[in-house]
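Participant: fold the following.
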Amino acid sequence: MSVKSTATPVSSATTGSSVAEATRAVVQEFLAARMAGDTGRLVALFADEVDWLLAENPVVPWIRPRSTAAECAAQFTALMEHTVPEDARASVDSFLVEGTGAVLMGHLSGTVRATGKSFEGPFALHLTVEDGRITRHHLYENSLSIAEACAP
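Facilitator: Numbering: from 1, shown residues only. Just a heads-up that it's a prediction; the model follows:
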């Protein structure tokens, strides 16, 4: 049996568009899993090894180096253990996708459970999605405000 293809070749613009659509879908799933507190789904969304960047801050208990899917997903659990969930807020003002890369910019705020102090400020999150999984997670945030809220 022979099969003859009548499909037209896919242009690089179409391929790039479908890659961007796939990236956007994974990032949206990541955001939904974060909002739901679904660490199992977060583990599945992160690659086995992740290029994780979040400026180290020794006074902030949930900020530390991470590189595996489980460690990256556990950041959410640690954050919830040390902050007041009812006070947590995040808004995304921009969501840009190009190929495998995505950048989200917005504002976040919260309250540290141990001190009762609040933190707030802008953030930028740079993600890379490859083969349906997040391989890069670089978060830039107001680390001074967070450190001050963690200090007794």
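
Participant: Ala149: helix or strand, and which one exactly?
Facilitator: Using DSSP states H and E, Ala149 maps to helix 143-150.

Participant: can you tell me the strand partners of the host helix or strand of His138 and which way each runs?
Facilitator: Element membership for His138, per DSSP H and E: strand 133-141. Strand 133-141 sits in its sheet next to strand 46-54 (parallel), strand 118-130 (antiparallel), going by DSSP bridges.

Participant: and it, how far from the chain's centre?
Facilitator: Averaging C-alpha positions (CA atoms, centre = their mean, to the nearest Å) puts strand 133-141 5 Å from its chain's average.

Participant: contact partners of the lowest-mean-pLDDT helix or strand in the chain?
Facilitator: Lowest on mean pLDDT, DSSP states H and E among the helices and strands of the chain sits helix 12-36, with a mean of 88. Contacts of helix 12-36 with the rest of the structure, by CB atoms under 8 Å, 6 or more residues apart in numbering, involve 41-42, 45, 76, 92, 95, 97-102, 104, 127, 129, 132-134. (C-beta placed from N, C-alpha, C; glycine too.)

Participant: can I get the buried part of these as one PyMOL selection?
Facilitator: Those of the contacts of helix 12-36 that count as buried under 16 or more other CB atoms under 10 Å are selected in PyMOL with:
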select buried, resi 42+45+76+97+100+101+102+104+127+129+133+134
